[in-house]
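**Student:** Sequence and computational prediction follow.
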Amino acid sequence: MNLKTTILLFTIVGFLLGACQEKKAEKLQVQNPLPVEFGDPYILKASDGMYYMIGTGGVNDGFKMYSSTDLTEWKDEGRIYQGNTDDSWGIANFWAPELYELDGKFYLLFSADWRINPTNELENFRIGVAVSDTPTGPYTDLYDRPIFDPGYPVIDGNLWFEDGKVYLYYSRCCYKNPVESEVADWAREQGMFDEIEESWVYGVEMKPDFSGIVGEPELLLRPPLSMDDQQAEWESRSVTSGEVNRRWTEGSYIFKEKDTYYMMYSANFFGGKNYAVGYATSNSPMGPFQKADNNPVLEKNVEQGGIVTGTGHNMITLAPDGKTKLCVYHGRTSETGENRVVFIDPMEVTEDGRLIVHGPTTGKK
């Protein structure tokens, strides 16, 4: 072996060792579940390089936040938004917050019970927005009202920005929305439930200043009508198990991979073990969306010997390497009890366009 060949070999070996060390250094050392009792978790990776996590719970009548530099160690930032005040439009049930950074400001999108309720509805949820100059707040309502009033309760707002337009996605609640389907017929025949209420995901263009919507909302996702639909089994488990007379399509989260729009969504009762995540795809942000044949992509693992149930209401962030997609969601374990806790697991979109979540996992990875 001559000197030139020896130098080349040492160079190659050094490069490979360096690459391995770099890969090892970038490996995410998340301990699932995180020591954070949030439902509906959402993480913003901000322009300052920090991660900011918000979710349902932690404080009454509002929201709190955790911050991190690496997704492994989290600092409690305390309350960032106070609702149920004399001036707030929202008075109870502050749910499903999301955080967006736009033009140097931070916007908090969330659901809450609307103060205006002349017919005394049991569920009177609407979606509003608050704003702050800093990610950790405090956040104040941008308007003294929700973004819009569709005439029925709505939750789980999610935004998509493209070509100067803003799209709002949300879930119409099951409340007072009974739907005839083969599943509903089956439930009556079994003597389980007289009717089955459903929640559906809608999309609508929104004014850039969050002051209202443009046009009318369009129905994008709903539970299947026939029992031989391949999505019917997993999306109907809350009903077929006798848990509750509702089928949910909620917690939508949209992202784009190449030329395809992916909408992830959750089905079944958020408070039960069957909560799970699927996805649908489209070539347009307003659909039509086609549900995937490998749904659900995230569900309980107790049948496989695991300890996790109730996995759902997810979103996606990027690892510190800026490349690896991470699925952020809530779930429960036999060790943590009934309170929802946060999980972070790797996910990918394969070359043939299939979305895969590598979870749920517990322990470090």
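**Tutor:** That came through fine. Just so you know, these numbers come straight off a predicted model, no measurement behind them.
**Student:** pLDDT score assigned to Ala25?
**Tutor:** For Ala25, the model assigns a pLDDT of 35.
**Student:** make that Thr85, sorry
**Tutor:** The score at Thr85 is 97. That number is its pLDDT.
**Student:** and it, helix, strand or coil?
**Tutor:** Recorded secondary structure, Thr85: coil (DSSP: H, G, I helix; E, B strand; the rest coil).
**Student:** Let me know how buried it is, in neighbour terms.
**Tutor:** 12 (other Cβ atoms under 10 Å). Using the backbone N, CA and C atoms, a C-beta is placed for each residue, glycine as well.
**Student:** OK, contacts around it?
**Tutor:** Not one residue lies near Thr85 by Cβ atoms under 8 Å, 6 or more residues apart in numbering.
**Student:** Which helix or which strand is home to the residue nearest the centre of the chain?
**Tutor:** Centroid-nearest residue in the chain: Asn314, 3.0 Å away (criterion: Cα atoms, centre = their mean). Using DSSP states H and E, Asn314 falls within strand 308-318.
**Student:** Does Tyr152 touch Cys174 like I think?
**Tutor:** No. With contact defined as Cβ atoms under 8 Å, Tyr152 does not reach Cys174; the gap is 10.3 Å.
**Student:** So for those two, which sits in the more crowded spot?
**Tutor:** Cys174 (23 against 15).
**Student:** Hmm, the more buried one is touching Arg222, no?
**Tutor:** No. Checked against Cβ under 8 Å, the pair Cys174 and Arg222 is beyond contact range at 11.3 Å.
**Student:** what touches both of the two?
**Tutor:** Shared contacts of Cys174 and Arg222, counting by Cβ under 8 Å, 6+ apart, come down to Glu198.
**Student:** residues touching Phe210, list them.
**Tutor:** In this structure, Phe210 makes contact with 107, 129, 142-143, 147, judged by Cβ under 8 Å, 6+ apart.
**Student:** Using neighbour counts, trim those residues to the buried set.
**Tutor:** 107, 129, 142, 147 (16 or more other Cβ atoms under 10 Å).
**Student:** Output those residues as a markdown table; include the columns pLDDT, secondary structure and distance to Asp40.
**Tutor:** Output for the buried ones among the contacts of Phe210, formatted as a markdown table (pLDDT from 0 to 100; DSSP: H, G, I helix; E, B strand; the rest coil; distance: Cβ to Cβ, whole Å):
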| residue | pLDDT | secondary structure | distance to Asp40 |
| --- | --- | --- | --- |
| Tyr107 | 98 | strand | 17 |
| Val129 | 98 | strand | 16 |
| Leu142 | 98 | coil | 21 |
| Ile147 | 98 | coil | 18 |
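**Student:** can you redo the residues you listed as JSON lines with distance to Met263?
**Tutor:** Shown next, in JSON lines, are those (distance: Cβ to Cβ, whole Å):
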{"residue": "Tyr107", "distance to Met263": "21"}
{"residue": "Val129", "distance to Met263": "21"}
{"residue": "Leu142", "distance to Met263": "26"}
{"residue": "Ile147", "distance to Met263": "20"}
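**Student:** and Asn283, what does it touch?
**Tutor:** Each residue near Asn283 by Cβ under 8 Å, 6+ apart is listed here: 259-261.
**Student:** so where's the stretch 101-250 of the chain uncertain?
**Tutor:** Across the stretch 101-250 of the chain, nothing is flagged by pLDDT under 70.
**Student:** Show me where it has its strands.
**Tutor:** Ranges of strands within the stretch 101-250 of the chain are 105-114, 125-132, 140-141, 154-162, 165-172, 197-198, 200-206, 213-221, 246-247, 249-257, based on DSSP state E, counting those that start in this stretch.
**Student:** I'd say Leu71 and Leu318 touch.
**Tutor:** No. Between Leu71 and Leu318 there is no contact under Cβ under 8 Å: 9.8 Å.
**Student:** which one of these two has more residues nearby?
**Tutor:** The neighbour comparison of Leu71 against Leu318 (other Cβ under 10 Å) goes to Leu71, with 21 against 14.
**Student:** Now do that one, the pLDDT please.
**Tutor:** Here the pLDDT value assigned to Leu71 is 97.
**Student:** all helices of this structure, in order?
**Tutor:** Assigned by DSSP state H, the helices in the chain fall at 3-26, 182-189, 232-235, 237-240.
**Student:** Export the contacts of Asn283 as a markdown table, with columns for pLDDT and distance to Arg237.
**Tutor:** Listed next are the contacts of Asn283 as a markdown table, based on pLDDT from 0 to 100; distance: Cβ to Cβ, whole Å:
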| residue | pLDDT | distance to Arg237 |
| --- | --- | --- |
| Asp259 | 96 | 33 |
| Thr260 | 98 | 28 |
| Tyr261 | 98 | 27 |
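**Student:** Sitting in strands, which of these do you find?
**Tutor:** Residues of the contacts of Asn283 located in strands (DSSP state E): 260-261.
**Student:** can I get the contacts of Asn283 in TSV with distance to Ile356 and neighbour count?
**Tutor:** Below are the contacts of Asn283 laid out as TSV (distance: Cβ to Cβ, whole Å; neighbours: other Cβ atoms under 10 Å):
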residue	distance to Ile356	neighbour count
Asp259	19	6
Thr260	15	13
Tyr261	17	20
